[in-house]
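Chemist: pasting the sequence and the predicted model now:
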Amino acid sequence: QWEIADLDPIEESESFMPSSRYYFPQVLIVPKKFHYEIDGSFESWNSFGKFKSELNSGLHDLPQSEIERINELLVGITDRKEKILALYKYLQEETRYVNISIEEGGYKSYPASYVVENGYGDCKALSNYFQALLKQIGIPAYYTTIYSGSKNRSLLKDFPSQQFNHAILYLPEDSMWIDPTSEFKCAYVGTWIQNRYALVGDTDTSFLLKTPALQKEDVENYRLIYIKQLPSNTAELKVKNVYRGYEYELVKQIYKTYNSSRKIELFRDYFIEDNIVLPKKIIITEPEDESSIILDYKTYSKTLLKDVGDEILVEIPKFKIPVLERAKYRDYDAELQYPHLLSDKIILEKNSRRKLIHTPEPEEYITEYGSYIIKVKEDEKHIIIEKEFYIKENYITLENYESFRNFFQKAKRIDSNLNIRLSNSP
């Protein structure tokens with residue numbers, strides 16, 4: 001018998017707050033052996049994984065018409081990876097995700113024929129269906145369960161039990177993790193499944209395996225801003241934003257979900273630079289060769305260039321660096337489950353009527369939590385500012401939180417005070 005009393009509630013969320021699992025006391029109880037349509041066991045990860053595989057065995061019943069469609073789809077494709085990509089594209093075009101959890105639906109998948117007939121399925125059904133498609137062309141894939149969510153809960157490795165809420169596939173010969181419910185590119189390991197243990201296996205063997213962690217280059221959000229000086233201190237801007245990681249996922253969700261006017265509003269709130277006129281048109285492209293999305297637009301600003309006495313002050317576009325609460329107002333640690341990287345290349349076109357007086361000084365501010373770096377270049381026609389704000393994946397205890405906050409504060413202060421000064425006359 002267990003009792004709990006006087007447990008303080010979490011009154012409000014805090015910046016970079018870890019999963020509540022770290023804070024709330026809990027008692028987890030599972031039976032060693034159980035019956036869920038068939039006999040199963042939590043004695044080991046292997047036994048539990050084998051139970052799931054046996055429960056879902058015999059469900060690769062693709063109709064002959066579907067097999068013929070697949071064979072026709074792959075005519076002329078000889079490369080193994082290209083076959084996988086073609087099947088994944090077919091999966092995305094022909095099916096959609098619908099949650100199904102009736103009867104044994106919490107563990108057991110619907111058969112592949114169900115997905116073919118209805119054009120939908122939950123994560124289990126779509127994973128089973130795509131596994132069947134791959135099996136049809138001789139590519140082995142493990143049915144895999146994982147905890148999916150923006151806040152990863154550390155798996156209790158010494159406590160075999162149902163700690164998962166999602167099904168995906170792992171292709172061992174191709175080292176690919178594929179989420180059949182995803183609207184992103186094939187084998188994109190997104191923020192919701194990156195860097196965590198999954199239960200991989202079949203009826204012969206099952207084991208825990210960790211998904212790849214997002215790296216610095218996977219999360220870079222890059223801005224290229226070209227600024228041309230016009231009369232009356234108006235600045236013409238050409239902007240190219242390249243989003244990766246969480247921002248890539250968010251932009252794509254906005255793009256697919258909302259109408260044009262609402263898209264513009266949301267882009268303004270989350271992605272468009274401050275102090276500029278909202279662009280009338282945004283060109284959105286998604287490169288074939290990487291997991292990113294690009295926003296291109298032209299606009300102008302009447303506030304980037306300002307008269308200050310006999311000089312013109314050119315404000316350098318700022319990063320959106322959050323202001324974190326003080327440690328004394330926090331109750332919990334902070335956690336960044338993957339890195340974050342903002343990078344800018346800002347090109348100011350020179351004006352022959354305005355003499356350059358001042359540019360920012362190059363600077364490197366490097367700490368255990370990340371870095372802020374600025375570089376300055378100049379040629380005959382341009383002043384070029386390159387800057388980067390990088391935050392490492394990290395777990396910060398409340399004891400060390402104030403130094404983590406100071407890193408943010410100093411980076412924001414440096415970034416906020418960047419400017420170029422020009423004379424008002426040649």
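Modeler: Received the coordinates, thanks. Residues are numbered from 1 along each chain as shown.
Chemist: mind listing what's buried along stretch 231-245?
Modeler: Across stretch 231-245, burial judged by 16 or more other Cβ atoms under 10 Å covers Asn233, Ala235, Leu237, Val239, Asn241, Val242, Tyr243, Arg244, Gly245. From N, CA and C alone the C-beta is placed, and that goes for glycine too.
Chemist: and what of stretch 409-426?
Modeler: Ala411, Lys412, Ile414, Asp415, Leu418, Ile420, Leu422.
Chemist: checking the last one next. Helix, strand or coil?
Modeler: If I follow you right, that is Leu422. The assignment at Leu422 comes out as strand when based on DSSP: H, G, I helix; E, B strand; the rest coil.
Chemist: put the alpha carbons of the helix or strand hosting Ile346 into CSV.
Modeler: Assigned by DSSP states H and E, Ile346 falls within strand 340-349. Output in CSV follows, covering the C-alpha atoms of strand 340-349 (Å, rounded to 0.1, in the frame of the first residue of the first chain):
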residue,chain,number,x,y,z
HIS,A,340,19.1,24.9,-31.5
LEU,A,341,20.9,27.0,-34.0
LEU,A,342,20.0,30.4,-35.5
SER,A,343,22.3,31.8,-38.2
ASP,A,344,22.2,35.0,-40.2
LYS,A,345,23.9,36.5,-43.2
ILE,A,346,23.0,40.1,-43.6
ILE,A,347,24.2,42.0,-46.7
LEU,A,348,23.9,45.8,-46.7
GLU,A,349,24.4,47.3,-50.2
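Chemist: who are the packing partners of whichever helix or strand comes after it?
Modeler: Remark: after strand 340-349, the chain's next helix or strand is strand 356-358, criterion DSSP H and E. Identification of packing neighbours for strand 356-358 by 3 or more Cβ pairs under 8 Å, 6 or more residues apart in numbering; DSSP states H and E yields strand 419-423.
Chemist: re the thing from before, could you export the buried residues of stretch 231-245 as CSV, including distance to Phe389 and pLDDT?
Modeler: Listed next are the buried residues of stretch 231-245 as CSV, based on distance: Cβ to Cβ, whole Å; pLDDT from 0 to 100:
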residue, distance to Phe389, pLDDT
Asn233, 28, 88
Ala235, 23, 92
Leu237, 21, 94
Val239, 18, 94
Asn241, 15, 94
Val242, 15, 96
Tyr243, 15, 96
Arg244, 15, 97
Gly245, 14, 96
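Chemist: of these, which pair is most distant in space?
Modeler: Spatial extent of the buried residues of stretch 231-245 (Cβ to Cβ) is set by the pair Asn233 and Gly245 at 36.1 Å.
Chemist: so which of the buried residues of stretch 231-245 sit within strands?
Modeler: Using DSSP state E to define strands, the subset of those located there is Ala235, Leu237, Val239, Asn241, Val242, Tyr243.
Chemist: just confirm the third one contacts Ile225, I think it does.
Modeler: I take that to be Val239. Yes: counting by Cβ atoms under 8 Å, Val239 touches Ile225, with 5.3 Å between them.
Chemist: shared neighbours, those two?
Modeler: Shared contacts of Val239 and Ile225 (Cβ atoms under 8 Å, 6 or more residues apart in numbering): Glu273.
Chemist: about what we covered before: what lines up beside the strand holding Ile346 in the sheet?
Modeler: Sheet pairing of strand 340-349 (DSSP bridges) gives strand 220-230 (parallel), strand 382-391 (antiparallel).
Chemist: show me which parts of the first one are buried, residue by residue.
Modeler: Pointing back at strand 220-230 there. By neighbour count on 16+ other Cβ under 10 Å, the buried set for strand 220-230 is Glu220, Asn221, Tyr222, Arg223, Ile225, Tyr226, Ile227, Gln229.
Chemist: likewise for stretch 71-79?
Modeler: Using 16+ other Cβ under 10 Å as the test for burial, stretch 71-79 gives Leu74.
Chemist: now the helices for the chain?
Modeler: 45-55, 64-73, 80-94, 112-118, 123-136, 245-257, 260-270, 401-416 (DSSP state H).
Chemist: can you tell me which of those helices is most buried?
Modeler: Compared across the helices of the chain, helix 123-136 shows the largest average neighbour count, a mean of 24 (mean count of other Cβ atoms under 10 Å).
Chemist: for that helix, packing partners?
Modeler: helix 64-73, helix 80-94, helix 112-118, strand 142-146, strand 166-171.
Chemist: rewinding a little: and which of the ones in strands among the buried residues of stretch 231-245 is nearest to Lys392?
Modeler: Taking Cβ to Cβ as the measure, Lys392 sits nearest to Tyr243 out of these, at 19.9 Å.
Chemist: hmm, back to that, kindly reformat the ones in strands among the buried residues of stretch 231-245 as a markdown table containing distance to Phe407.
Modeler: Output for these, formatted as a markdown table (distance: Cβ to Cβ, whole Å):
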| residue | distance to Phe407 |
| --- | --- |
| Ala235 | 31 |
| Leu237 | 30 |
| Val239 | 28 |
| Asn241 | 25 |
| Val242 | 25 |
| Tyr243 | 24 |
